[in-house]
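A.B. asks: After the sequence you'll find the predicted model.
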2 protein chains.
Amino acid sequence: MLDFLYYTPTKVFFGKDKHKDVGKIIKEFGYDNIMMQYGKSSIKKSGVYDEVIKSISENGITVTEIGGVEPNPKVSLVREAVKIAKEKKVQMILAVGGGSVIDSSKATATGAMTDIDIWEFSQKKAVPEKTLPVGCILTHAAAGSEMSSSTVLTNTECDMKRGFNTDLNRCIFAICNPELTYTVGKYQTACGIVDIMAHTMERYFTVHPPTDLTDRIAESLLVSVVSAAKVLMNDMQNYEARATIMWASSLSHNGLTGCGRENALPVHQLEHALSGKFDSVAHGAGLAVLFPAWARYVYEKDIPRFAQFARRVWGVTEADDKAAAKSGIEKMAEFFKEIGMPENLRDFGIKENCSDELSYLCTFSKTRTVHSYVEMDYEVIKEIFDSCY
Amino acid sequence: MLDFLYYTPTKVFFGKDKHKDVGKIIKEFGYDNIMMQYGKSSIKKSGVYDEVIKSISENGITVTEIGGVEPNPKVSLVREAVKIAKEKKVQMILAVGGGSVIDSSKATATGAMTDIDIWEFSQKKAVPEKTLPVGCILTHAAAGSEMSSSTVLTNTECDMKRGFNTDLNRCIFAICNPELTYTVGKYQTACGIVDIMAHTMERYFTVHPPTDLTDRIAESLLVSVVSAAKVLMNDMQNYEARATIMWASSLSHNGLTGCGRENALPVHQLEHALSGKFDSVAHGAGLAVLFPAWARYVYEKDIPRFAQFARRVWGVTEADDKAAAKSGIEKMAEFFKEIGMPENLRDFGIKENCSDELSYLCTFSKTRTVHSYVEMDYEVIKEIFDSCY
């Protein structure tokens, strides 16, 4: 077990109707002048917007609204929001939405406490020193941003998607009502499921020796998510399955599934190049294509681990480790297909092979390699992208 | 899945040599005048005391020491410590030890911020409203107090052991170096293992329907702990096994293993009567006797759950649920015996049956019942104690 720091200060209010308490919760934290960010029309259609505004008003809290946060949230909107947050002197940011809205809110919270442009943090040219508190009402289980230390932004000026991690990014509270995800459609739900699994699997597949407790927790999460996903695909309003996916979203990326292991997330690096370049690619769908491709490329570097994954998560019974390892990867790919995910980049409507450009973006113009079982440089990453056509 | 609140703000610094950073950590939290509590001579013998004092001094922190905290920590010492903490105007309490020292420190921290006598909180006659911050260096993996919301005290004036739970009891940091547990002997190590398992199993065995993700996490923890325990009993300085037990200690009682389930801890209630009455009974050893006795009494109320436990944790293969459930309980009892735990109350040297007195203590003079699969009143509890002779 490697040394680790575990820090998950987010207060999670989990269950039915919890979002209706948001005003009371904010007031208990001591704030009365907030910014609220949300996406497009979905929370207005579902009635969540009205319920949240009602609770906030009833508790005498002033709110400045920033709507229209897009999937793959944009630096440009964050810059606008930062300006307004400063003008209005807001004390905290409430995100009502999924990972994109939470990430946008986290970046705004950091930007509001500094004169440094927010993109500098994503480019690692500056390190955040303070931030406004962020709380969230989760409406889509996927990114795990509600408890994670990360935020990821897209800069359309350079087609780049890059994040920054800091414990300052941890939400002070997360309100998680599984019922709010009932309106998330099948495709987006499946994308979320893949993202949750990837957060867990990327911490699981690292070069270090097994870490029994963390391994088993990670495997538990994967087994539960796969099982709940199968229920959900036939019953999109199954509370227990929605609740399992939602809680797994938080646990998959709050650090728990990586305790005592490395936290490199190589496939996320590949995918950020993909959805940074193609805004129409949903992050989870990109991961569904790239994860099996990456696994097929690296699995021979640690056959016993991929075999353990195959047996414990996918119930593979082959006695031979290599055969089991391969079966496990194919079972995972089949599962992604079963829940409606694309199998290759052509399924996204990307007709021409642009692996060279994607690899160029992923390696920051060939200036970095991505750390994995193998040190993935431009050529390796290009080869993995090539295998996705 | 029942609604839940999950709140684990404790910053965990886990790994080798981490206790040597304690001064720096306290300084980063902004404190320079602290109280440090510890037990008897063990941290002085092991050298940990000197290392901690060195780090504290180097960081210019003033420290008031309270040594001699006993197992089953006493209200009387807490009262003294509260008085001194107020006189010295300490800003935080550092606990260096196991659950007893941490519990004593938590209670002192609460007492230091009020004029109400600390025993009033244990008797539920008052509710804590504020507390000094508590940080800890863990030297024994067992109680999970390093991340839990609970503290348990013993009042020798009335032979009572009672705790109080509040999120104010959560440590601000926990420094967990598995190497510091190398000097904990076989018996105490085994007692800790039982306590860790009990914290998990008591949340697992409640009347609600299965909660797949939480169930699997709990089962993972149990499997890992049993496996690490078997390694440890033959190799007391095995780092990986010590680390597994230590991390499991924190996770077993921080709330994770009970998310979406009830948190009643009935067997702990029975055991508090036992070790409250007999100071020589180690809490974990008491649980090792009482848990199988309780399980044999209640298992027929939820055979499928006890069967799931038997199959997933103990590898029981009986097809019949009732037979499997019974086997699981006996496997658990055998495991406790295997790691050197007593099998009955006579093994503690308690020669006369005093079930009536224990049940009387446990039911607070027949004024309460203990919530479990069955509502356990004086007669039921007496029957369970009777079965332990």
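C.D. replies: That came through, no problem.

A.B. asks: so A:S327 touches A:A319, yeah?
C.D. replies: No. Look at A:S327 against A:A319 with CB atoms under 8 Å: they stay out of range, at 11.4 Å. Placement of C-beta: from N, CA and C, glycine included.

A.B. asks: of these two, who's got more company?
C.D. replies: A:S327 (20 against 7; other CB atoms under 10 Å in any protein chain shown).

A.B. asks: A:K161 - that's part of a strand, no?
C.D. replies: Yes. Under DSSP: H, G, I helix; E, B strand; the rest coil, A:K161 falls within a strand.

A.B. asks: That one touches A:W119, doesn't it?
C.D. replies: No. Assessed by CB under 8 Å, A:K161 is found out of contact with A:W119, at 11.5 Å.

A.B. asks: Need the overlap of contacts for the two.
C.D. replies: The contact sets of A:K161 and A:W119 overlap at A:153, A:155 (CB atoms under 8 Å, 6 or more residues apart in numbering or on different chains).

A.B. asks: neighbour count winner among those two?
C.D. replies: A:K161 (25 against 22).

A.B. asks: which residue sits closest to the residue nearest in space to the middle of chain A, ignoring its sequence neighbours?
C.D. replies: Nearest residue to the geometric centre of chain A (CA atoms, centre = their mean): A:A143, 2.2 Å. Distance criterion CB to CB, 6 or more residues apart in numbering or on different chains; nearest residue to A:A143, sequence neighbours excluded, is A:G99 at 2.5 Å.

A.B. asks: Over to A:V90?
C.D. replies: A:M35 (4.4 Å).

A.B. asks: In PDB, could you pull the C-alpha coordinates for the strand or helix carrying the one you found?
C.D. replies: Per DSSP states H and E: A:M35 is located in strand A:33-38. The C-alpha coordinates for strand A:33-38 follow below in PDB (Å, rounded to 0.1, in the frame of the first residue of the first chain):
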ATOM      1  CA  ASN A  33     -25.400  36.100  -1.200                       C
ATOM      2  CA  ILE A  34     -24.700  33.400  -3.700                       C
ATOM      3  CA  MET A  35     -24.200  32.700  -7.400                       C
ATOM      4  CA  MET A  36     -26.200  29.800  -8.900                       C
ATOM      5  CA  GLN A  37     -25.000  28.100 -12.100                       C
ATOM      6  CA  TYR A  38     -26.900  25.600 -14.200                       C
END
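
A.B. asks: Low-confidence stretches in the stretch 101-250 of chain A?
C.D. replies: The stretch 101-250 of chain A contains no residues with pLDDT under 70.

A.B. asks: how about the strands in it?
C.D. replies: Per DSSP state E, counting those that start in this stretch, the stretch 101-250 of chain A carries strands over the ranges A:134-138, A:150-155, A:160-165, A:173-176.

A.B. asks: and A:K16, which of these is closest to it?
C.D. replies: Closest to A:K16 of the strands of the stretch 101-250 of chain A is strand A:173-176 (CB to CB; 10.5 Å).

A.B. asks: okay, now A:R203: neighbour count?
C.D. replies: Count around A:R203 with other CB under 10 Å applied: 25.

A.B. asks: err, A:L153, not the other one
C.D. replies: 26.

A.B. asks: thought it was touching A:W119?
C.D. replies: Yes. With contact defined as CB under 8 Å, A:L153 and A:W119 form a contacting pair (7.3 Å).

A.B. asks: Show me whatever sits in contact with both of those two.
C.D. replies: Common neighbours of A:L153 and A:W119 (CB under 8 Å, 6+ apart) are A:V75.

A.B. asks: Which residue is the nearest non-sequential neighbour of A:P304?
C.D. replies: A:D321 (5.8 Å).

A.B. asks: actually A:M36, not the one I wrote
C.D. replies: A:M36's closest residue in space is A:L94 (CB to CB, 6+ apart), at 4.6 Å.

A.B. asks: what's the neighbour count on that neighbour?
C.D. replies: 30.

A.B. asks: What helices and strands are in contact with whichever strand or helix holds it?
C.D. replies: Element membership of A:L94 [criterion: DSSP H and E] is strand A:92-97. Contact partners of strand A:92-97 among helices and strands, from 3 or more CB pairs under 8 Å, 6 or more residues apart in numbering or on different chains; DSSP states H and E: helix A:22-29, strand A:33-38, helix A:48-58, helix A:99-111, strand A:134-138.

A.B. asks: Look up how far chain B lies from the residue lying closest to A:I245 once chain neighbours are set aside.
C.D. replies: Excluding its sequence neighbours, the residue lying closest to A:I245 (CB to CB, 6+ apart) is A:A141, at 4.8 Å. Distance, A:A141 to chain B, using CB to the nearest CB, to the nearest Å: 12 Å.

A.B. asks: At the contact with chain B, which residues of the stretch 51-200 of chain A appear?
C.D. replies: Residues of the stretch 51-200 of chain A that fall close to chain B, judged by CB under 8 Å from any CB of the partner chain: A:P178.

A.B. asks: Turn the helices and strands packed on strand A:92-97 into CSV, including distance to A:S249 and mean neighbour count.
C.D. replies: Converted to CSV, these look like this (distance: least, CB to CB, whole Å; neighbours: other CB atoms under 10 Å in any protein chain shown):
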stretch, distance to A:S249, mean neighbour count
helix A:22-29, 19, 19
strand A:33-38, 18, 24
helix A:48-58, 18, 17
helix A:99-111, 9, 30
strand A:134-138, 8, 30
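
A.B. asks: Do I have it right that A:R170 meets A:Y7?
C.D. replies: Yes. Using CB under 8 Å, A:R170 is in contact with A:Y7, at 7.1 Å.

A.B. asks: hey, what's in contact with both of the two?
C.D. replies: With CB under 8 Å, 6+ apart as the test, A:R170 and A:Y7 both reach A:S149.

A.B. asks: Please name the bridge partners of the residue nearest to A:M36.
C.D. replies: On the basis of DSSP bridges, A:L94 is bridged to A:M36, A:G135.

A.B. asks: what do you get for A:V63?
C.D. replies: A:I34.

A.B. asks: then stretch A:72-89 to CSV, C-alphas only?
C.D. replies: Output in CSV follows, covering the C-alpha atoms of stretch A:72-89 (Å, rounded to 0.1, in the frame of the first residue of the first chain):
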residue,chain,number,x,y,z
ASN,A,72,-17.5,20.3,-21.8
PRO,A,73,-17.8,23.6,-19.9
LYS,A,74,-16.2,26.6,-21.6
VAL,A,75,-13.5,28.9,-20.3
SER,A,76,-15.3,31.8,-21.9
LEU,A,77,-18.4,31.4,-19.8
VAL,A,78,-16.3,31.0,-16.6
ARG,A,79,-14.5,34.2,-17.4
GLU,A,80,-17.9,36.0,-17.6
ALA,A,81,-19.1,34.4,-14.4
VAL,A,82,-15.9,35.4,-12.6
LYS,A,83,-16.5,39.0,-13.5
ILE,A,84,-20.0,38.9,-12.2
ALA,A,85,-19.1,37.0,-9.1
LYS,A,86,-16.6,39.7,-8.2
GLU,A,87,-19.0,42.5,-9.0
LYS,A,88,-21.8,41.0,-6.9
LYS,A,89,-19.4,40.0,-4.1
